[in-house]
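A.B. asks: sequence and predicted structure, then a few things I'm wondering about:
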There are 2 protein chains.
Amino acid sequence: MADFTLTFLGTGTSVGVPMIGCDCETCHSTDSRDRRCRSSIWLQTPEASWVVDTGPDFRYQCLRAGVRHLDAAVFTHGHMDHVTGFDELRRFTVPLEASMPIHATPATLAVLERMFEYAFNGENRYPGYLKPKAMPVTGPFHLGETRLTPLPVQHGKVETVGYLMERGGRKLCAYIPDCKTPSEETRQLVAGVDTLVIDALRRTPHTTHMNFDEALAFSEEVRAQRTWFTHLQCEILHARDDTTLPAGVRLAYDGLKLTW
Amino acid sequence: MADFTLTFLGTGTSVGVPMIGCDCETCHSTDSRDRRCRSSIWLQTPEASWVVDTGPDFRYQCLRAGVRHLDAAVFTHGHMDHVTGFDELRRFTVPLEASMPIHATPATLAVLERMFEYAFNGENRYPGYLKPKAMPVTGPFHLGETRLTPLPVQHGKVETVGYLMERGGRKLCAYIPDCKTPSEETRQLVAGVDTLVIDALRRTPHTTHMNFDEALAFSEEVRAQRTWFTHLQCEILHARDDTTLPAGVRLAYDGLKLTW
């Protein structure tokens, strides 16, 4: 087994690809790489297994990728496409008295606590209910031997965090799925990373997401060895657009595995 | 086109079938009737199209069934497996200035307003955000020419509602997906219904859902012409268990269409 495996559970935007009611070329594509669930990744190491974000497609994503065990769930922010699958975590707390560590910033924990009030209110009236254990993210923390450092970025008016994941002092991967403007702190933390996974919604500009040009500029600035674009809209057709990117930069797709 | 078409978008329990991490016969079945999304139905009439409940699988269910237009969404109660797909309704409010009528009891509207606060708070900061229009259910109401009457039932400690749907004075269908004990009012309202769709979780007893025996007794009591069991757990294997039911009673499955 590799020391560190990243599986893309989803690489799509807030409404996914195909979009309900959309008749564009991508939404009718038969290329499986154009079928994008909401953005999420699954990390496996010899000591621990966790996901980053649990969007609306989370159960389907787990069945498809064969996720059967999780030690924790980590969150980037509280938007719907990253949290509404939260309740599905209950299947990873068998035996049913187990709790699930939830790593998120205080602002994101507040969203989860409001949305999933039944899980946090301490009543736990039924054995099958999810019992989350809130773990506020205020700085670096460890899951097994992996060090996770929050990466603050602006996503429109909202501050979200990506995560830098390091093992043995090596900056293996920075995962930043929802970002318009990285903070100065984040630019410095990500500098020299092996693999950057970055929000690159589409070619045309957007008010709250990076487009291809912005994501490419950030990748060059931090000198990432490899860059994968994620959170892709249906404006992007995989077979056509993947070939237009510079060396070392590719479009991610659901099911793609990266190993270190 | 039929006057009234009911499509089962989902016939499963709160965790769906297959369940994450379950190795039972049903969860490994290749029979498509054993793959159950969370319970939801889609109704089509010449005048209007609506869904009852928007659970976690709602986007996938809409893509699979070809739901491209909705005039309203109706809710039975505020449990996670019936509401977490609420945000996906945004794709049915194109052009983006349109709002979506949300019919639910005041208690269920309160759950939706807490969970999806961004949609109800009046700010609507982005054009693509869902703009729900709360329509409190306190008695019968109409969607086009169909009359919907809420059917109060006890679901453990929670009161949920099913819906009786009538056209031209005919009791076409009663849909009651989460029920342990029907109220006396509901027993009278449902009496003589053409088609009963009723919670029948499994054969063994459960504290908050009817089992097969309870659902059969209710079907006989109200003299339903036809009965379909829904909200089915993985204890139920379609090909084996569907054949054991009395005449006029069947197991529903995802994709099943009923027409009047």
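C.D. replies: Cool, the structure landed. Numbering: from 1, shown residues only, chains lettered A, B, ... in the order given.

A.B. asks: could you tell me how many residues sit around A:A107?
C.D. replies: Other residues within reach of A:A107, judged by other Cβ atoms under 10 Å in any protein chain shown, total 15. C-beta coordinates here come from the backbone N, C-alpha and C atoms, glycine included.

A.B. asks: doesn't B:R114 make contact with A:E117?
C.D. replies: Yes - counting by Cβ atoms under 8 Å, A:E117 does reach B:R114; the two are 6.8 Å apart.

A.B. asks: low-scoring stretches of the stretch 1-150 of chain A, by residue?
C.D. replies: Within the stretch 1-150 of chain A, the segments meeting pLDDT under 70 span A:1, A:96, A:124-125.

A.B. asks: all helices of it, in order?
C.D. replies: Ranges of helices in the stretch 1-150 of chain A, per DSSP state H, counting those that start in this stretch, are A:58-65, A:80-83, A:106-115, A:117-120.

A.B. asks: residues of the stretch 1-150 of chain A that sit close to chain B?
C.D. replies: Within reach of chain B by Cβ under 8 Å from any Cβ of the partner chain, the stretch 1-150 of chain A has these residues: A:14-16, A:18-21, A:56-60, A:62-63, A:67-69, A:80-81, A:84-85, A:87-88, A:90-92, A:94, A:114-118, A:125-126, A:128.

A.B. asks: among the helices of the stretch 1-150 of chain A, show me which one is buried the most.
C.D. replies: A comparison of these by mean neighbour count, using mean count of other Cβ atoms under 10 Å in any protein chain shown, puts helix A:80-83 on top with a mean of 26.

A.B. asks: what's the spacing between that helix and its chain's center?
C.D. replies: From the chain centre to the centre of helix A:80-83 is a distance of 10 Å (Cα atoms, centre = their mean, to the nearest Å).

A.B. asks: contacts for it next, please.
C.D. replies: A:13-15, A:38-40, A:53-56, A:75-76, A:108, A:111-112, A:115, A:177-178, B:87, B:116, B:118 (Cβ atoms under 8 Å, 6 or more residues apart in numbering or on different chains).

A.B. asks: which residue would you name as the spatial centre of chain A?
C.D. replies: What sits nearest the mean C-alpha location of chain A, by Cα atoms, centre = their mean, is A:S40, with 3.6 Å.

A.B. asks: list the contacts for it?
C.D. replies: A:8-10, A:51-55, A:57-58, A:61, A:82 are the contacts of A:S40 under Cβ under 8 Å, 6+ apart.

A.B. asks: how about a cut-off of 6 Å?
C.D. replies: A:9-10, A:53, A:55 (Cβ atoms under 6 Å, 6 or more residues apart in numbering or on different chains).

A.B. asks: again with A:R59
C.D. replies: With Cβ under 6 Å, 6+ apart, A:R59 has these contacts: A:88, B:16.

A.B. asks: swap the cut-off to 10 Å and go again
C.D. replies: A:67, A:85, A:87-89, A:91, B:15-16, B:18-20, B:37-38, B:56-57, B:60 (Cβ atoms under 10 Å, 6 or more residues apart in numbering or on different chains).

A.B. asks: nearest to B:N211, of those residues?
C.D. replies: Set against B:N211, the nearest of the contacts of A:R59 by Cβ to Cβ is B:V15 (17.6 Å).

A.B. asks: how close does that closest one get to chain A?
C.D. replies: 6 Å (Cβ to the nearest Cβ, to the nearest Å).

A.B. asks: count the neighbours of the nearest residue to that residue once chain neighbours are set aside for me.
C.D. replies: Among residues not flanking B:V15 along the chain, A:R91 sits closest, at 6.1 Å (Cβ to Cβ, 6 or more residues apart in numbering or on different chains). As a burial measure, A:R91 scores 21 neighbours (other Cβ under 10 Å).

A.B. asks: now do A:N211
C.D. replies: Applying other Cβ under 10 Å, I find that A:N211 has 18 neighbouring residues.

A.B. asks: quick one: A:P101 from A:L89, how far?
C.D. replies: For A:P101, the distance to A:L89 equals 10 Å [Cβ to Cβ, to the nearest Å].

A.B. asks: also A:C24?
C.D. replies: Separation of A:C24 from A:L89 (Cβ to Cβ) stands at 33 Å.

A.B. asks: which one's more surrounded, the two?
C.D. replies: Between A:C24 and A:L89, A:L89 has the larger neighbour count (other Cβ under 10 Å), namely 24 against 14.

A.B. asks: correct me, but the more buried one touches A:F75?
C.D. replies: No - using Cβ atoms under 10 Å, A:L89 is not in contact with A:F75; the gap is 11.2 Å.

A.B. asks: overlap in contacts, these two.
C.D. replies: In contact with both A:L89 and A:F75: A:51, A:54, A:102, using Cβ under 10 Å, 6+ apart.

A.B. asks: for A:L189, what are its contacts?
C.D. replies: A:140, A:149-152, A:162, A:164, A:166, A:171, A:174, A:182-183, A:222 are the contacts of A:L189 under Cβ under 10 Å, 6+ apart.

A.B. asks: cutoff 8 Å now
C.D. replies: By Cβ under 8 Å, 6+ apart, the residues touching A:L189 are A:149, A:151, A:164, A:174.

A.B. asks: next one: A:D178
C.D. replies: Counting by Cβ under 8 Å, 6+ apart, A:D178 makes contact with A:39, A:76-77, A:79, A:82, A:153, A:155, A:160, A:199, A:208-209, A:231.
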